[in-house]
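> Following is a predicted model, sequence given first.
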Amino acid sequence: MTSYTETTSYNTDIWGYWCASSGDSCTGTTCAMTSTEAVWDHWNTTGNTSTASASTCYTIWYEWVHSPSMATPAQLIQTYPTAKEVRELQAQRRAQEEEARKLRAEKKRKRDEAESVALELLETLIGPKERVIYEETGRLMVKGKNADYIINRESGVTRVEKDKVVDLCIHLKEKWKYPNTDNVISLALLAGDNEDAFNEMANEHGSDPLPLALPMCANGFGD
Amino acid sequence: MGEFCELAVGGDIKSIWDPRNDKEVEAAEGQFKKLRKSGFKAFKVRKTGKKGKEITSFDRNAGKIIMVPEMVGG
């Protein structure tokens, strides 16, 4: 019989102690076990008396304890950042957020600047008084031969017919790249010059009866 | 003087040409053709900006030309 103590530093020894204590006998790599302590052995085999290869038991035990997929408490502790690391990570995150805020602000500044340039161009087409109305309402009226067109700064066009209004969708192919007012100018130029081409290109998205009053719009385009 | 307005990301890009100066006309016409080739439409408007009319070839005597990027139905 091989004797083991609990103070051993080897897992294989602990296993051996568990299996071989209290009347079990081990010879070489084979343990004969009859006691109720042979839990592991009973789990893997049947009967009160069984023989287990120590090398097999060792392998199972070893894998159980040392499986790479299982982290030991010591390893788990190592994965938690220290207080210093937490402070550094928080500072890093704050710096990234500040950088993102600056980028957004810069993007908005450039977009506002581009919109101002577009408004200047629109003013050459409709005059300063109508520009003011456009800036307030975000709408520009273009008079056509068959219908009138309300071009909205934010999105969409309303075709005003004799008895109904039709929602149209037409815009610059890469609208998001350009100032909104440049989109309005482009649509106004096409609608004012070639109504048929404009309607052919636009997609209709429903209609409503003509309202009693149309919304306020800037005028003067194409006069 | 003719004025060329190309609608661009940062607002329109302006350039001018003197219709009596062949080199300037040539440069403006080159830009006109290049933009037309990439899908832009050209609208000739009066110097005051009124009465837009689409043109398909460069007009050295146009008061002002606005070049508009490609449009699509949505």
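Structure received.
> Give the buried residues for the helix or strand where residue B:43 lies.
Taking DSSP states H and E as the definition, residue B:43 sits inside strand B:41-45. When neighbours are counted by 16 or more other C-beta atoms under 10 Å in any protein chain shown, the buried residues of strand B:41-45 are found to be B:41-45. Just so you know, the C-beta spots here come from the backbone N, C-alpha and C atoms, and that holds for glycine as well.
> what separates the next helix or strand after that strand from the chain centre, distance-wise?
Following strand B:41-45 in sequence order, the next helix or strand is strand B:53-55 (DSSP H and E). Centroid separation between strand B:53-55 and its chain, computed with C-alpha atoms, centre = their mean, to the nearest Å, is 10 Å.
> try stretch B:17-24
Relative to its chain's centre, stretch B:17-24 lies at 14 Å (C-alpha atoms, centre = their mean).
> Other residues contacting it?
Contacts to stretch B:17-24, defined as C-beta atoms under 8 Å, 6 or more residues apart in numbering or on different chains, come from residues B:1-2, B:4, B:16, B:25, B:27-28, B:60-61.
> Would you mind listing where chain B has pLDDT under the threshold?
Confidence mapping of chain B against pLDDT under 70 gives the ranges B:47-50.
> circling back: of all the contacts of stretch B:17-24, which comes closest to chain A?
Of all the contacts of stretch B:17-24, residue B:4 has the smallest distance to chain A: 12.1 Å, by C-beta to the nearest C-beta.
> The helix ranked longest in chain A - contacts with which helices or strands?
Longest helix in chain A by number of residues (criterion: DSSP state H): helix A:83-126. With contacts taken as 3 or more C-beta pairs under 8 Å, 6 or more residues apart in numbering or on different chains; DSSP states H and E, helix A:83-126 sits against helix A:128-137, helix A:180-193, strand A:218-221.
> If we ignore the residues flanking it in sequence, what's nearest the residue of chain A found nearest chain B?
Of all residues in chain A, residue A:117 sits closest to chain B, with a separation of 2.5 Å (C-beta to the nearest C-beta). If you skip the residues right next to it in sequence, residue A:117 has residue B:11 as its closest partner in space, 2.5 Å away by C-beta to C-beta, 6 or more residues apart in numbering or on different chains.
> Around that neighbour, how many other residues sit close by?
Counted with other C-beta atoms under 10 Å in any protein chain shown, the neighbours of residue B:11 add up to 23.
> Now do the contacts for it.
By C-beta under 8 Å, 6+ apart, the contact set of residue B:11 is A:113-118, A:120-121, A:179, A:182.
> What's the PyMOL line that selects buried ones from these?
Selecting only the buried members of those in PyMOL, with burial defined as 16+ other C-beta under 10 Å, works like this:
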select buried, chain A and resi 114+115+117+118+121+179+182
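> Make TSV from the contacts of residue B:11 and add pLDDT to it.
Rendered in TSV, the data for the contacts of residue B:11 read as follows (pLDDT from 0 to 100):
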residue	pLDDT
A:113	95
A:114	96
A:115	96
A:116	96
A:117	96
A:118	96
A:120	95
A:121	94
A:179	96
A:182	96
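> Sounds good, over and out.
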